[in-house]
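Engineer: dropping a prediction and its sequence here:
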Amino acid sequence: MTRFAFGLDPAWRIPLLLLGVRPGTAFAEVREGEFAVRFGFWSLRTPLSNVAGTTVTGPYAPWKAIGPRLSLADRGVTFGTNARRGVCVRFHTPVPALAPGGFLTHPGATLTVADPEGLVEALEQSRRT
């Protein structure tokens, strides 16, 4: 298992704490056969075989990147802790993350982890094996 912490911008620490986002509850993991994300009260899990691709992205506008967000343009989910950089992970089959019950699914997730290149490498390597 490889765990990637989110890159928390100190300016957003208090608002994100109110959403349950802190170092112990905000991370992405590449596990044996699974990709999992925890972001405070929210989570996302999918088989590694469902990961279609990854891209390092950013910078972002803070009002579009901080906190849990739904993109109205493509239904993607953002779990954001900074406006600098992150990783866009695309899925073959959309996955639930924001709403309970799985009725809202997302074709991609943007995650502002502290090591975007490391997460991309871990996911790409797991897709090759």
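Structural biologist: On my side now, so go ahead.
Engineer: mind listing what the nearest residue to Gly80 once chain neighbours are set aside touches?
Structural biologist: Excluding the flanking residues, the one nearest Gly80 by CB to CB, 6 or more residues apart in numbering is Ala65, at 4.0 Å. Where C-beta positions appear, they are placed from N, C-alpha and C, glycine not excepted. Residues touching Ala65, when contacts are defined by CB atoms under 8 Å, 6 or more residues apart in numbering, comprise 58, 78, 80, 82-83, 86, 110, 112.
Engineer: how much space between Ala65 and Thr46?
Structural biologist: When CB to CB, to the nearest Å is applied, the distance between Ala65 and Thr46 equals 22 Å.
Engineer: try Asp9
Structural biologist: As defined by CB to CB, Asp9 lies at a distance of 27 Å from Thr46.
Engineer: what about the two, which has more around it?
Structural biologist: With other CB atoms under 10 Å as the criterion, Asp9 and Thr46 differ in neighbour count, and Thr46 comes out ahead with 20 against 17.
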